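Participant: Attaching a predicted model along with its sequence, questions to come.
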Amino acid sequence: MFPTVSEILALDPVRHGLPRVLAGASALDQPVRWVHVAEVPDIATLLRGGELVLSTGIGLPPSDDALRAFVDALAEVGAAGLVIELGRGRFASSLPRAMVAAASRHGLPLIELRRTVRFVRITEAVHALIVDAQLTELRATEEIHQRFTELSVEGAEPSEVVHQAALLSGCPVVLENLSRQVLAYDTAGDRPELLLDDWEQHSRRLQPASRTAYLSGWLVTTVGARGQDWGRLLLRWPGPAAPPSRLAILLERAASTLALGRLIRRDAEGLERQIHRTLLTALLDHARPVDEVALRARALGVPLERRHLVGVVIRFRDPRPDLADSGQARLRDLAEAVGTALSETAIPGLTSAIDDTTVGALLALRAASAEERALSDVAAALHRARGADAPAVIVAAGTGAPTLREARRSLAEARQVADAARHDRRDVPVFRLPDVGLAGLLHLLRDEPRLQTFVERELGALLAHDAGNPRDQLLDTLRAYLDNGRNKSAAASAAHLSRPAFYERLSRISRILQADLDSVDTCLSLHVALLALPSIRDR
């Protein structure tokens, strides 16, 4: 970091001049980017901000108005301070009151030197500090790039990336999604409750105008890759001034590492299971031509051509592992159980974990007429393979596809149905698409950044208002209005409010959202966002 005005005043060459601060004492912690010696009154036009100006005052104008204009110009350009030596110039024993008053008005540090000094000794000492600070910054930046490059290569988990960011910065760091939910954090030694209490409300107050910005004590940067943002990384900076550029670089590199890590899938399965996973994800992501997928599957003994293909997804009802187990371990056990079920029923297919909570399978049946029987047999075999005491799972299937090119649709549909059925407590052996409605569809899309962006666009202003005004809770008023079919009388009764009070709250909601609450289309959009909000929060 650059030296401050206060640190410069403590240097021996400056102390030799017996410095005295006449104005701007509260701004002595301002960083000094450079020291400039000037004897002309229009020096401000040559400055860029952050300079400490040294002068004997010999060239300054004589009138009070001109001196005030000189100080005003320095303050406007962002000078760090003004140091004037007495004796050799036109100021023999003290600086004019007009100059001191102008500096006080702007909070600009004004220092007089009561003993003659050689300005070159001051500039040499200060510039040495500045160069050292720049070299330190470069070394720190190099360390940041090296460390996060290593994390990217290692495929580090988000929690490790956040930990390293906090370790290198010495500051608390939080990773959140677009719905302001904390995904990972490191307190850097602080108490977690001090960092995370009322996090959503606090985070919503931080609305940077650019991808990386500093505001209200937080350095904030957006996390995303390939044009799809999915979260924010926030660093709490305790200093009164803005954080050094090194921390902005650190936070952006950490965000890049997180974005890259999201694109990388690591797996510890055997080679055959890895190939199954490669082929399944290739179908889901269009990563390989379908002819190549079919060829590699046939080489594994799984014929996919001229078959009726059904996508199946199996996931735990409760995605959280027990304390005695790990998520990856029980996911591998579930994948093995699915493979065992396919072997027991003699149904060919590809099966593997396809994400951190889900096992996928692509069944290759000889005829479409065998679909229902095959799904029933696989579900029963899976139950036997796992045992009666195993954690409950959801088995979901997509609509059968006649060709491999359409099998992706069946797999994607099965994944959607499985996600949407997580809160459905019915004892259904195999869930299908007709079992889920709009709420289920929104639930399965809860991790989709575009849905989170839609909810933020529709309700963000109202959520921000409620965060800053906890007693209002206008979101509940809007929900009551829409849940009662826009019947204001019924909604007011449901909300336990008088009709005038309810109408006034609706009017405020309309102004905050800039929305016409009498418009059917507008209310439909808001209602969908309200339906999606609990699913996004309930992750």
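Facilitator: Great, that's in hand.
Participant: what about Ala361, which SS state?
Facilitator: Using DSSP: H, G, I helix; E, B strand; the rest coil, the structure places Ala361 in strand.
Participant: what stretches of the stretch 301-450 of the chain score poorly on pLDDT?
Facilitator: Residue ranges of the stretch 301-450 of the chain with pLDDT under 70: 319-327, 423, 439-440, 444.
Participant: The chain now?
Facilitator: In the chain (pLDDT under 70), the answer is 1, 89, 226, 263-273, 299, 319-327, 423, 439-440, 444, 538-539.
Participant: Need the residue closest to the centroid of it.
Facilitator: Most central in the chain under C-alpha atoms, centre = their mean is Arg232, positioned 1.0 Å from the mean C-alpha point.
Participant: Wait, a helix at it?
Facilitator: No - counting by three-state DSSP, Arg232 is not found in a helix; it is strand.
Participant: Verify the stated contact: it with Val223.
Facilitator: Yes - contact criterion C-beta atoms under 8 Å: Arg232 and Val223 qualify, at 6.2 Å. C-beta here means a position set from N, CA and C on the backbone, and glycine is covered the same way.
Participant: which residues are in contact with both of those two?
Facilitator: Residues touching both Arg232 and Val223 (C-beta atoms under 8 Å, 6 or more residues apart in numbering) are Leu175.
Participant: any idea how far Gly261 is from Trp237?
Facilitator: 25 Å (C-beta to C-beta, to the nearest Å).
Participant: Same check on Arg425?
Facilitator: With distances taken as C-beta to C-beta, Arg425 is found 47 Å from Trp237.
Participant: So which of those two has more stuff around it?
Facilitator: The residue with more neighbours, out of Arg425 and Trp237, is Trp237; 18 against 9, by other C-beta atoms under 10 Å.
Participant: Not counting its neighbours along the chain, what's nearest the more buried one?
Facilitator: Leaving aside its chain neighbours, Trp237 sits nearest to Pro243 (4.3 Å; criterion: C-beta to C-beta, 6 or more residues apart in numbering).
Participant: Quick check: the one you found touching Thr221?
Facilitator: No - in this structure, Pro243 is not within contact of Thr221 by C-beta under 8 Å, at 11.9 Å.
Participant: Was I right to think Phe70 contacts Leu60?
Facilitator: Yes - counting by C-beta under 8 Å, Phe70 does reach Leu60; the two are 6.3 Å apart.
Participant: who's in contact with Ile347?
Facilitator: 363-365, 374, 377-378.
Participant: Go through those residues and flag which are in helices.
Facilitator: Under the assignment DSSP state H, the contacts of Ile347 contribute 374, 377-378 to helices.
Participant: Neighbour count added to the residues you listed, as a markdown table?
Facilitator: What follows is the ones in helices among the contacts of Ile347, written out as a markdown table (neighbours: other C-beta atoms under 10 Å):
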| residue | neighbour count |
| --- | --- |
| Ala374 | 24 |
| Asp377 | 17 |
| Val378 | 26 |
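Participant: contacting residues around Glu344?
Facilitator: 381, 384-385.
Participant: Need the residues you listed in CSV (columns: secondary structure).
Facilitator: Shown next, in CSV, are the contacts of Glu344 (three-state DSSP):
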residue, secondary structure
Ala381, helix
Arg384, helix
Ala385, helix
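Participant: Just the buried subset of those residues, please.
Facilitator: Applying 16 or more other C-beta atoms under 10 Å to these, the neighbour count classes 381, 385 as buried.
Participant: what does stretch 94-114 contact?
Facilitator: 5, 9, 14, 17-28, 30, 57, 64-65, 67-68, 70-72, 74-75, 79-87, 91.
Participant: Mind checking which of the residues you listed are buried?
Facilitator: When the contacts of stretch 94-114 are checked for burial by 16+ other C-beta under 10 Å, the buried set is 5, 9, 14, 17, 19, 21-24, 27-28, 30, 57, 67-68, 70-72, 74-75, 79-86, 91.
Participant: out of the residues you listed, which are inside helices?
Facilitator: Counting by DSSP H, the buried ones among the contacts of stretch 94-114 place 5, 9, 14, 67-68, 70-72, 74-75 in helices.
Participant: hang on, the earlier thing: shared neighbours of Phe70 and Leu60, anything?
Facilitator: Taking C-beta under 8 Å, 6+ apart as the contact rule, Phe70 and Leu60 both touch Pro41.
Participant: if I pick the residue nearest to Trp237, what's in contact with it?
Facilitator: 214, 219, 235, 237.
Participant: Then Asn469?
Facilitator: Counting by C-beta under 8 Å, 6+ apart, Asn469 touches no other residue.
Participant: how near is it to Tyr481?
Facilitator: Counting by C-beta to C-beta, the gap from Asn469 to Tyr481 is 18 Å.
Participant: where do the strands sit along this protein?
Facilitator: Applying DSSP state E to the chain gives strands spanning 19-23, 34-37, 51-55, 81-85, 110-113, 173-177, 182-186, 212-215, 218-225, 228-236, 308-316, 349-353, 358-365, 393-397.
Participant: Take these and lay them out in a markdown table including distance to Ala282.
Facilitator: Listed next are these as a markdown table, based on distance: least, C-beta to C-beta, whole Å:
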| stretch | distance to Ala282 |
| --- | --- |
| strand 19-23 | 69 |
| strand 34-37 | 57 |
| strand 51-55 | 59 |
| strand 81-85 | 63 |
| strand 110-113 | 69 |
| strand 173-177 | 27 |
| strand 182-186 | 28 |
| strand 212-215 | 35 |
| strand 218-225 | 20 |
| strand 228-236 | 20 |
| strand 308-316 | 14 |
| strand 349-353 | 10 |
| strand 358-365 | 11 |
| strand 393-397 | 20 |
